[in-house]
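In: Starting from these lines, generate the structure:
(one chain, ligands or ions: 2)
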Amino acid sequence: MQIPQQQTPNAPPAGLVSREAFRDAMARLAAAVNIVTTDGPHGRAGFTATAVCSVTDTPPTLLVCLNRAASAYPYVKGNGAVCVNTLTASQRALSQCFGGKTPMDERFAATAWSTWLSGAPVLEDAAAVFDCRVSRSTRVGTHDILFCEVLALRHRESDSALVYFDRNYHGLPYA
Ligand SMILES: NC(=O)c1ccc[n+]([C@@H]2O[C@H](COP(=O)([O-])OP(=O)(O)OC[C@H]3O[C@@H](n4cnc5c(N)ncnc54)[C@H](O)[C@@H]3O)[C@@H](O)[C@H]2O)c1
Ligand SMILES: Cc1cc2c(cc1C)N(C[C@H](O)[C@H](O)[C@H](O)COP(=O)(O)O)c1[nH]c(=O)[nH]c(=O)c1N2
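Out: Ligands and ions are numbered 1, 2, ... in the order given. From the prediction side, this is the model:
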């Protein structure tokens, strides 16, 4: 039998969760770290993202949550193309570079990039690469949820992972 929300034991009343409490709890969710890039008529940009997950394999689609205040936002929206580059443990510095206030050209100067189908910059030695077109997007609060249809991909076998957990980076060795 399903228990209605208001009768769930120990459930706090709705509407009392602060941004701080939400973030504190979210900090307990370990997440893969990605550099999401874009390029095209509206220009090149990229940002670090942990809010990335699989949506469906038919058609292969993932989602990325992007803050509309981010400097990359107008570029991503204008180009309608992104590449999700999932980082290995050795790429922590790159995540820091794309996750702060570093000027866009300096971010991309930190390493070499190529392009596949979408035109967005590809990090060839990433743990996994998902080259995508943005098939649709939805506004929720401060963010847009971008649904990204995968046009091409590649992944490395037996490599480490970069994980963001408890407001810190952690290297996860393979096996
Ligand atoms: N989804 C996001 O937009 C997101 C995720 C992680 C980090 N960040 C950025 O990196 C900074 C440092 O993050 P931190 O983890 O070290 O400490 P934090 O206390 O700011 O965030 C803790 C956790 O809350 C979530 N979060 C943070 N800002 C958010 C936002 N604006 N919208 C939705 N969820 C959010 C993330 O899961 C994050 O790991 C943040 O202040 C934020 O600017 C943003
Ligand atoms: C570990 C980690 C994880 C995330 C981020 C940061 C860091 C350090 N940031 C923030 C994003 O990368 C960037 O810092 C902000 O958008 C501000 O960038 P600008 O200085 O405006 O380019 C981020 N932003 C976003 O819109 N969605 C996300 O999933 C994440 N995830």
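In: Packing partners of the one helix or strand residue 37 maps to?
Out: Using DSSP states H and E, the element containing residue 37 is strand 34-38. Judged by 3 or more CB pairs under 8 Å, 6 or more residues apart in numbering; DSSP states H and E, the packing partners of strand 34-38 are strand 45-49, strand 60-67, helix 73-79, strand 81-86, helix 92-98, strand 121-122. From N, CA and C alone the C-beta is placed, and that goes for glycine too.
In: how about the third one: buried residues?
Out: Neighbour counts over helix 73-79 (16 or more other CB atoms under 10 Å) mark 73, 75, 76, 77, 79 as buried.
In: got a list of contacts for it?
Out: Helix 73-79 has contacts (CB atoms under 8 Å, 6 or more residues apart in numbering) with 36, 38-45, 66-67, 82, 119-120, 134, 137, 144, 146.
In: do the fifth one as well
Out: By CB under 8 Å, 6+ apart, the surrounding residues in contact with helix 92-98 are 33, 35, 46-48, 87, 106-107, 110-111, 123, 162, 164, 169, 171.
In: So of those residues, which two are at opposite extremes in space?
Out: 106 and 171 (24.1 Å; CB to CB).
In: higher neighbour count, those two?
Out: A count of neighbours by other CB atoms under 10 Å puts residue 171 above the other of residue 106 and residue 171, at 13 against 9.
In: From residue 44, how far out is the residue nearest to the more buried one when sequence neighbours are not counted?
Out: Closest residue to residue 171 apart from its sequence neighbours, by CB to CB, 6 or more residues apart in numbering: residue 89 at 3.2 Å. Residue 89 sits 26 Å away from residue 44, going by CB to CB, to the nearest Å.
In: residues in contact with residue 83?
Out: 36-38, 116, 118, 120-123, 129-132.
In: I'd say residue 34 and residue 82 touch.
Out: No: applying CB atoms under 8 Å, one finds residue 34 not in contact with residue 82, separated by 10.0 Å.
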